[in-house]
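> For reference, the sequence and a predicted model appear below.
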Amino acid sequence: MVDIVEVTTKKQLKLFATYPLKLYKDCPYYVPSLRSDEMNTFNPKKNFSLKNNLCKAFLAYKDGELVGRIAGLINYKDNDLTGKKFIRFSRFECIDDKEVFIALLGAVEKFGADNGMEIIHGPWGFNDTDREGMLTYGFDERATYATNYYYPYFCKRMVELGFEDESKWLERRFVIPDKPYDRITKICDKLKEKLGVKDIADTLTVKEIVKQYGTKWFDTLNEAYGHLDGYVPVEGEAVKNVLKQFATIINERYISILVDKNDDVAAFGIVLPSICEPLIKHKGKLFPTGFIGVLNSIKKPKTLEMALIGVKKKYQNTGINSVVIARIMNHVVEDGIEDIESNPMLETNYNIQQQWKFAENEIIKKRQTYKKAIGSLIREEA
């Protein structure tokens, strides 16, 4: 018998936040989230996305032992945009036990049904800056800071329980060139002049960029990504929340923010220093000493993770993305970076997928979301 408990106390929240450390204790490919971020997930004073979401978190116990967790999110903004009645499941981890899978997913289904929802799908987060998708390929590759690792049994259980494929992502590892793109840089300089854009990352600090252009950066992000699966615009207080998180791990050498004559963000690229090693070593905790390793990884990184690249619609198909990539890659070569991975890129985002045909790379991981009609997993006692 599996018992499902709704998270309502600080003690239960800590169990919820730390359960993955137990499940993946001996897994070399798992990268923990920042403990503080997980603890703040359900705090409306810290997570402004809660204003647009109805959210509950659940723990699963079997024979008195904690064996899993899951969160259910009703994102009203997304449902309004799509005209659908979806409930998202998120932060889903558990042992390989069909009964536990049914109990946890059933708890989210019931939560959705009680609020008029018709479809359960996930893993999705609060918005596109949150972790999303379940690993289906590349189980022997380490996760990135922005992604969840999953054991192979997860996707098998989802199919067994009647879930269908939904959105799919690819993740790539890039071959780093031997020398800077001198010829391409000259071409890009002429293109910048032609388009009337300048790269403010050349002259401003990260703090100055975030303060002066943070909101405009997200305006471009929302415009560029608005048509993609499951994308929810990041707006209002949520922008400040995300910028605060990003600003702590951005190194200005690995970003490009192109601004046009109207002082709007025409295109941008964000590649983040990997902080996986200190997170693994300190189990997601920054204090008392974890922050030192994180700061060292940011200042002198060996591995980078491609986070976001976006282009305003009026500048798409102009080649402006090559300007973004050239600046970042030149610094990658100069700094002796050893490894670059992308974070998940939607298969249906054809502009992004086409872009990487011109860079030597390999697909190392795949992930996807699943969906099904609500009803079959709901238990009477749930």
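It's in. Nothing here was measured: the structure is a model prediction, and the numbers come from that model.
> Would you map the helices across this structure?
10-23, 35-40, 76-82, 98-114, 153-160, 182-195, 206-225, 237-247, 276-281, 290-299, 320-334, 350-355 (DSSP state H).
> Let's have those helices in TSV, adding mean neighbour count and mean pLDDT.
In short, each C-beta sits where N, CA and C put it, glycine included. Output for the helices of the chain, formatted as TSV (neighbours: other CB atoms under 10 Å; pLDDT from 0 to 100):
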stretch	mean neighbour count	mean pLDDT
helix 10-23	17	97
helix 35-40	17	88
helix 76-82	15	90
helix 98-114	22	98
helix 153-160	17	98
helix 182-195	13	90
helix 206-225	18	91
helix 237-247	16	78
helix 276-281	18	94
helix 290-299	16	90
helix 320-334	21	92
helix 350-355	13	79
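> And these: which comes nearest residue 371?
Of all these, it is helix 153-160 that lies closest to residue 371, at 9.9 Å by CB to CB.
> Centre of the chain to the closest one, how far?
Computed by CA atoms, centre = their mean, to the nearest Å, the chain-centroid distance of helix 153-160 equals 22 Å.
> With stretch 267-284 instead?
The answer for stretch 267-284 is 12 Å, by CA atoms, centre = their mean.
> Could you do stretch 323-331 as well?
22 Å.
> what sits up against that stretch?
176-177, 180-181, 184-185, 188, 191-192, 197, 199, 201-202, 253-256, 258, 267-269, 271, 309, 359 (CB atoms under 8 Å, 6 or more residues apart in numbering).
> for stretch 162-172, same thing?
121, 133, 138, 144, 147, 229-230, 341-348, 353, 356, 361-372, 376.
> Buried among these? Make that a ChimeraX selection.
Here is the ChimeraX command that selects only those of these that count as buried (16 or more other CB atoms under 10 Å):
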select :121,133,138,144,147,229,230,341,342,343,344,345,346,356,364,365,366,367,368,369,370,371,372
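> Just the contacts of stretch 162-172: which are in strands?
Using DSSP state E, the subset of the contacts of stretch 162-172 located in strands is 121, 341-342, 345-346, 361-372.
> and the contacts of stretch 323-331, which of them are in strands?
199, 255, 256, 258, 267, 268, 269, 271, 309.
> And those residues, which is closest to residue 52?
Proximity of the ones in strands among the contacts of stretch 323-331 to residue 52 was ranked by CB to CB; the top entry is residue 268 with 24.0 Å.
> Return the set of buried residues in stretch 310-323.
Buried residues in stretch 310-323 (16+ other CB under 10 Å): 310, 311, 312, 315, 318, 320, 321, 322, 323.
> let me fix that: stretch 138-151
For stretch 138-151, by 16+ other CB under 10 Å, it's 138, 142, 143, 144, 145, 146, 147, 148, 149, 150, 151.
> What are the phi and psi values at the second one?
It stands for residue 142. phi -70, psi 140 (degrees, to the nearest 10).
> Give me the pLDDT for the nearest residue to it once chain neighbours are set aside.
Among residues not flanking residue 142 along the chain, residue 29 sits closest, at 4.7 Å (CB to CB, 6 or more residues apart in numbering). For residue 29, the pLDDT comes out at 98.
> What's the local residue count around residue 29?
Residue neighbour count, defined by other CB atoms under 10 Å, stands at 16 for residue 29.
> check contacts around it.
Neighbours of residue 29 in contact, by CB under 8 Å, 6+ apart: 139, 140, 141, 142, 143, 149.
> Touching, the fourth one and residue 28? I think so.
Yes: because the distance of 7.0 Å satisfies CB atoms under 8 Å, residue 142 is recorded as touching residue 28.
> care to break this structure down by domain?
2-169+368-373, 182-359 (automatic domain parsing).
> What is the end-to-end distance of the first one?
Taking CA to CA, to the nearest Å, the span from the opening residue of domain 2-169+368-373 to its closing residue is 23 Å.
> Between the contacts of residue 29, which sits nearest residue 113?
Out of the contacts of residue 29, the member with the shortest distance to residue 113 (by CB to CB) is residue 149, at 30.3 Å.
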